[in-house]
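Trainee: Requesting a structural model of the entry that follows:
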Amino acid sequence: MAIVTNGRPTTGCSGRSAARPAAEPARWADETNMKTTLMVVIILLSSLGAGVAYADSDGYYCTGPGYLAYQFGFAAPPAGTHRLFVVRFGGASSIEAPIAFDLPQFQVHGILCTERMVRLAAYDAIYTVHLDETNRPLRYDMILWMDKQHTPAEFVGHSLNLGAWNRVADTLKTERLSLRSVAGGGQYLLEMKGTVVTSERCASTVTTRIVKTDRNGREVQELELFRGRGIRDCGGLLPPNTQMEPTRR
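Mentor: Residues are numbered from 1 along each chain as shown. Model (predicted):
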């Protein structure tokens, strides 16, 4: 049995929407102001401030034709906000501000992007977010998943993370994934960078952004999606003072 529920999409530029879970404003710059002024997209993680990200089910992402989708859930269920964010790129505005779409609170076990859908696997259900012809989220469907001992086969291996659990938090490297070519030369790239925190043992930060380059590889536009504390491997234990929410500054 499927249950259809209408979600509430909101643009990442509005005053009360959440474009990314970070302790400081997202940075959005184009070719004309890259070196001078960054267009600020203020992120409010909740009506009272930053919320705690829920366990290890946050920051998972996938890519589809002309868009990237990622999710964050703040505070443990049954309370708290869980949102899917859709960033569109390649149109007249190049990289557009994220659109936030409210979902029920659940732990994500996998995420898939297709031409007009974003599918998320929960412990006991599969959620499908439908997109319109411009890749804006419209509504979601939920279908119960009865085999709770196994993740649906189509989701196995589809748990890439752009937040605290990204592997760059441990490797301390910078990775770039090509998302799409730019007409006339250049690319849209997903960049994930891990940086060591020298003041704390086994600590790091993760910064993730979408970047547009020109035909010479020069950055002409960016949108920062995440900046926060990373999770490093410290012999199977989390390092002291590890936070499950983005670093406050």
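Trainee: Just the element for S178, please.
Mentor: strand 174-181 (DSSP states H and E).
Trainee: Who are the packing partners of that strand?
Mentor: strand 81-91, strand 187-196 (3 or more C-beta pairs under 8 Å, 6 or more residues apart in numbering; DSSP states H and E). Where you see a C-beta, it was placed from the backbone N, CA and C, and this is true even at glycine.
Trainee: C-terminal to the longest one, what's the next element?
Mentor: Think strand 81-91. Reading on from strand 81-91 to the C-terminus, the next helix or strand found by DSSP H and E is strand 94-95.
Trainee: That following strand pairs with which strands?
Mentor: strand 81-91 (antiparallel) (DSSP bridges).
Trainee: and the partner strand, which residues are buried?
Mentor: T81, H82, R83, L84, F85, V86, V87, R88, F89, G90 (16 or more other C-beta atoms under 10 Å).
Trainee: how about the fourth one, what does it touch?
Mentor: The one in question is L84. By C-beta atoms under 8 Å, 6 or more residues apart in numbering, L84 lies in contact with A69, Y70, Q71, A100, F101, L103, V118, L120, V129, P137.
Trainee: Low-confidence stretches in the chain?
Mentor: Applying pLDDT under 70 to the chain flags residues 1-57, 74-80, 235-249.
Trainee: just the helices in it please.
Mentor: Per DSSP state H, the chain carries helices over the ranges 168-171.
Trainee: Please verify my assumption that L223 contacts S93.
Mentor: No: between L223 and S93 there is no contact under C-beta atoms under 8 Å: 10.8 Å.
Trainee: ok, the two, which is more surrounded?
Mentor: Using other C-beta atoms under 10 Å as the criterion, L223 and S93 rank with L223 on top: 27 against 11.
Trainee: ok, of the contacts of L84, which one's closest to T198?
Mentor: Y70 (28.6 Å; C-beta to C-beta).
Trainee: List the beta-bridge partners for that closest one.
Mentor: Y70 forms beta bridges with Y61, F85, as assigned by DSSP bridges.
Trainee: Report the buried residues of stretch 197-209.
Mentor: Neighbour counts over stretch 197-209 (16+ other C-beta under 10 Å) mark V197, C202, A203, S204, T205, V206, T207, T208, R209 as buried.
Trainee: And stretch 221-234, by the same measure?
Mentor: For stretch 221-234, burial by neighbour count (16+ other C-beta under 10 Å) applies to Q221, E222, L223, E224, L225, F226, R227, G228, R229, G230, I231, R232.
Trainee: Sort out for me which of those are in strands.
Mentor: Q221, E222, L223, E224, L225, F226, R227, G228, R229, G230 (DSSP state E).
Trainee: Determine which two of those are furthest apart.
Mentor: Q221 and R229 (26.6 Å).
Trainee: Alpha carbons only: can I get stretch 98-109 in PDB?
Mentor: C-alpha atoms of stretch 98-109 as PDB (Å, rounded to 0.1, in the frame of the first residue of the first chain):
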ATOM      1  CA  PRO A  98      19.000  25.000  -3.200                       C
ATOM      2  CA  ILE A  99      15.300  24.200  -2.900                       C
ATOM      3  CA  ALA A 100      14.300  22.600   0.500                       C
ATOM      4  CA  PHE A 101      11.600  19.900   0.600                       C
ATOM      5  CA  ASP A 102      10.200  18.600   3.900                       C
ATOM      6  CA  LEU A 103      10.100  14.900   4.500                       C
ATOM      7  CA  PRO A 104       9.100  12.700   7.500                       C
ATOM      8  CA  GLN A 105      11.900  11.900   9.900                       C
ATOM      9  CA  PHE A 106      13.700   8.700   9.100                       C
ATOM     10  CA  GLN A 107      17.200   7.300   8.800                       C
ATOM     11  CA  VAL A 108      18.400   7.100   5.200                       C
ATOM     12  CA  HIS A 109      19.900   3.800   4.000                       C
END
